[in-house]
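Enquirer: I would like to see how this sequence folds:
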Amino acid sequence: MKKIVTSVCFLILTIGCKTDTSKADQTSKSESANQLTDGQLVDLVEKQTFKYFWEYAEPHSGMARERFFPDGNYPENDAHIVAVGGSGFGIMSIIAAMNQGYITKEAGIERLDKIADFLATADRFHGAWPHWLHGVTGKVIPFGQKDNGGDIVETAFLCEGLICVREYFKNGDAAEKSLAQKYDVLWKGVDFNWYTNKEQKLYWHWSPNYAWAMNFPLEGYNECLIAYVLASASPDHGINSSVYHDCWGRAGKIVTKNRKFGLPLYLKHNGAEEFGGPLFWTHYSYAGLDPHELSDRYADYWKMNTNQVKIDYEYCVKNPKKFKCYGPDYWGLTASYSINSEGTIGYDSKKGIGYNAHMPNNDQGVISPTAAISSIVYTPQESIAAMRNFYQNYNEELWGVAGFYDAHSCTAKASAKQYLAIDQGPMVVMIENYRSGLLWKLFMNAPEVKQGLLKLGFHSGKYSF
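Expert: Numbering: from 1, shown residues only. Presented below is the predicted three-dimensional model:
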């Protein structure tokens with residue numbers, strides 16, 4: 001989850017400048033990249049990025065590590081921190097990998113069964129999982145002092161994946177149906193209604209020690225729409241539609257007439273009303289929720305998301321801060337690791353470096369590959385141009401064992417040569433949706449999802465409701 005908090009401290013690491021390579025080696029890689037068609041390049045990126053959730057998953061649980069450092073230089077115990085929301089994207093990535101033939105169905109079922117058994121015994125709080133779990137013990141790892149209980153947003157991202165697994169296997173053989181049943185039980189066990197605290201609000205957190213002290217209602221607009229969709233869809237623990245309209249919709253005040261670069265934003269983006277927020281807001285909820293022809297009383301979500309991405313793109317092309325390299329094939333601002341002018345990444349509140357929500361109104365000269373690549377469903381031409389540029393011209397700085405590294409700065413001449421589950425996952429999922437639409441089809445055709453959307457006042461021309 002991309003909560004911008006100062007309580008999460010990452011190890012401070014110094015990342016070196018661009019790796020020296022011979023001209024011959026650079027030429028060889030450039031020629032090799034030039035030989036790839038767009039389709040081959042997209043397939044390569046999806047397949048390599050999937051390795052994050054397959055080869056580099058936390059081994060005991062099968063879940064997605066919160067972060068993966070290829071050099072193994074983790075802070076103490078970090079190698080076993082698993083991300084609940086990131087694992088939701090990872091589960092969807094496994095479905096994508098089976099569909100593309102990167103793994104066999106048998107191998108996918110084995111891993112998904114392992115994950116289901118882990119989740120069934122892991123710590124839950126009124127059905128919701130926490131932000132972080134320990135991959136060996138299944139016990140909660142606090143994301144912050146008071147954030148040591150249920151996280152309904154991370155849980156919603158996970159449930160996107162749980163529902164997709166159920167839908168993918170529900171009509172299969174006996175083993176597949178058994179797996180689908182496990183995933184059905186898991187998602188239906190989330191008590192979304194508890195997280196209203198008997199109010200006209202859906203709250204992000206509840207702690208067994210601090211109760212509702214975090215006091216973070218989910219008011220729109222940001223990345224949290226999917227939490228309301230699933231809270232409405234829950235057959236046994238559903239919320240009233242008025243909670244969505246009163247809290248998320250701010251009693252109608254979520255709507256805006258603001259435009260940027262001639263493009264309407266439609267909804268007020270929290271803390272980013274001029275340009276829109278970081279691009280992960282167009283990815284997380286829409287990993288399963290198909291925005292094509294999807295609308296409610298507030299917005300057309302395809303137009304809104306596409307415009308947010310185009311605004312980010314136009315901002316980077318115009319490059320008002322004159323950062324190096326920004327342009328039509330080097331763009332994409334979202335939350336990720338950050339890099340200061342000396343090429344240092346990590347967390348240091350005094351120096352203002354570390355994890356940062358990059359966006360046009362918080363531009364630090366740091367481009368995150370996940371921003372442009374995960375936007376491929378909205379801006380395929382611009383996203384593939386960025387993908388090709390990253391792979392062909394920044395290969396030494398940006399390409400690693402699990403796809404593109406998390407962040408890059410031409411100004412600092414440095415990369416964050418590390419990975420985050422919540423950045424790798426959307427790339428696999430959105431590339432798959434671009435290629436086949438599979439994950440959208442699975443999620444949107446789930447009967448509870450359709451009913452939940454209708455309950456909130458949504459309509460989909462694509463799915464005929």
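Enquirer: Which of the three states applies to R388?
Expert: helix (DSSP: H, G, I helix; E, B strand; the rest coil).
Enquirer: What sits closest to it if chain neighbours are left out?
Expert: L41 (6.0 Å; Cβ to Cβ, 6 or more residues apart in numbering). Placement of C-beta: from N, CA and C, glycine included.
Enquirer: Quick one: residues in contact with stretch 430-438.
Expert: 42, 45-46, 49, 92-93, 95-96, 99-100, 283, 287, 290, 373-377, 380, 439-440 (Cβ atoms under 8 Å, 6 or more residues apart in numbering).
Enquirer: Buried residues of that stretch, list them for me.
Expert: 430-435, 438 (16 or more other Cβ atoms under 10 Å).
Enquirer: For the residues you listed, give me CSV that also has distance to I339, secondary structure and pLDDT.
Expert: Converted to CSV, those look like this (distance: Cβ to Cβ, whole Å; DSSP: H, G, I helix; E, B strand; the rest coil; pLDDT from 0 to 100):
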residue, distance to I339, secondary structure, pLDDT
M430, 24, helix, 99
I431, 25, helix, 99
E432, 29, helix, 98
N433, 29, helix, 98
Y434, 28, helix, 98
R435, 31, helix, 98
L438, 35, helix, 98
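Enquirer: on that earlier part again, for the helix or strand containing the residue nearest to R388, list the C-alpha coordinates in CSV.
Expert: For L41, the host element (DSSP states H and E) is helix 38-54. Only the C-alpha atoms of helix 38-54 are listed here, as CSV (Å, rounded to 0.1, in the frame of the first residue of the first chain):
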residue,chain,number,x,y,z
ASP,A,38,6.4,-4.6,-29.5
GLY,A,39,4.6,-7.9,-28.8
GLN,A,40,7.9,-9.6,-28.0
LEU,A,41,9.0,-6.8,-25.7
VAL,A,42,5.7,-6.7,-23.9
ASP,A,43,5.9,-10.5,-23.4
LEU,A,44,9.5,-10.3,-22.1
VAL,A,45,8.6,-7.6,-19.6
GLU,A,46,5.5,-9.5,-18.3
LYS,A,47,7.5,-12.8,-18.0
GLN,A,48,10.5,-11.3,-16.3
THR,A,49,8.5,-9.2,-13.9
PHE,A,50,6.4,-12.3,-12.9
LYS,A,51,9.6,-13.8,-11.5
TYR,A,52,9.2,-11.5,-8.5
PHE,A,53,6.2,-13.5,-7.4
TRP,A,54,7.5,-16.9,-8.5
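Enquirer: wait, is L133 part of a strand?
Expert: Yes. Judged by three-state DSSP, L133 forms part of a strand.
Enquirer: OK, contacts around V42?
Expert: Taking Cβ under 8 Å, 6+ apart, one finds 376, 384, 387, 431, 434-435 in contact with V42.
Enquirer: can you tell me which two in those residues are farthest apart?
Expert: Pairwise distances across the contacts of V42 peak at 13.3 Å for M387 and R435 (criterion: Cβ to Cβ).
Enquirer: before we move on, the earlier item: nearest to I367 among the contacts of V42?
Expert: M387 (12.2 Å).
Enquirer: surely the closest one meets L41?
Expert: Yes. With contact defined as Cβ atoms under 8 Å, M387 counts as touching L41 (6.2 Å).
Enquirer: who has more neighbours, these two?
Expert: Comparing M387 with L41 by other Cβ atoms under 10 Å, the one with more neighbours is M387, at 23 against 17.
Enquirer: Please tell me the pLDDT value assigned to that one.
Expert: Looking at M387, its pLDDT is 98.
Enquirer: Please report how far it lies from P380.
Expert: 10 Å (Cβ to Cβ, to the nearest Å).
Enquirer: again with N73
Expert: 37 Å.
Enquirer: Among these two, which residue is more densely surrounded?
Expert: Each of N73 and P380 has its neighbours counted (other Cβ under 10 Å); P380 has more, 13 against 10.
Enquirer: Which residue, other than its chain neighbours, is closest to that one?
Expert: Counting by Cβ to Cβ, 6+ apart, the residue nearest P380 is Y434, at 6.6 Å.
Enquirer: just to revisit the earlier point, mind picking the one among the buried residues of stretch 430-438 that's closest to W212?
Expert: Of the buried residues of stretch 430-438, the one sitting nearest to W212 (Cβ to Cβ) turns out to be M430, at 33.9 Å.
Enquirer: all helices in the stretch 151-300 of the chain, in order from the N-terminus.
Expert: 152-169, 174-188, 225-233, 241-243 (DSSP state H, counting those that start in this stretch).
Enquirer: Identify whichever of those helices lies nearest to C410.
Expert: It is, among the helices of the stretch 151-300 of the chain and with distance given as Cβ to Cβ, helix 152-169, at 31.3 Å.
Enquirer: for the helices of the stretch 151-300 of the chain, which one ends up most surrounded?
Expert: helix 152-169 (a mean of 27; mean count of other Cβ atoms under 10 Å).
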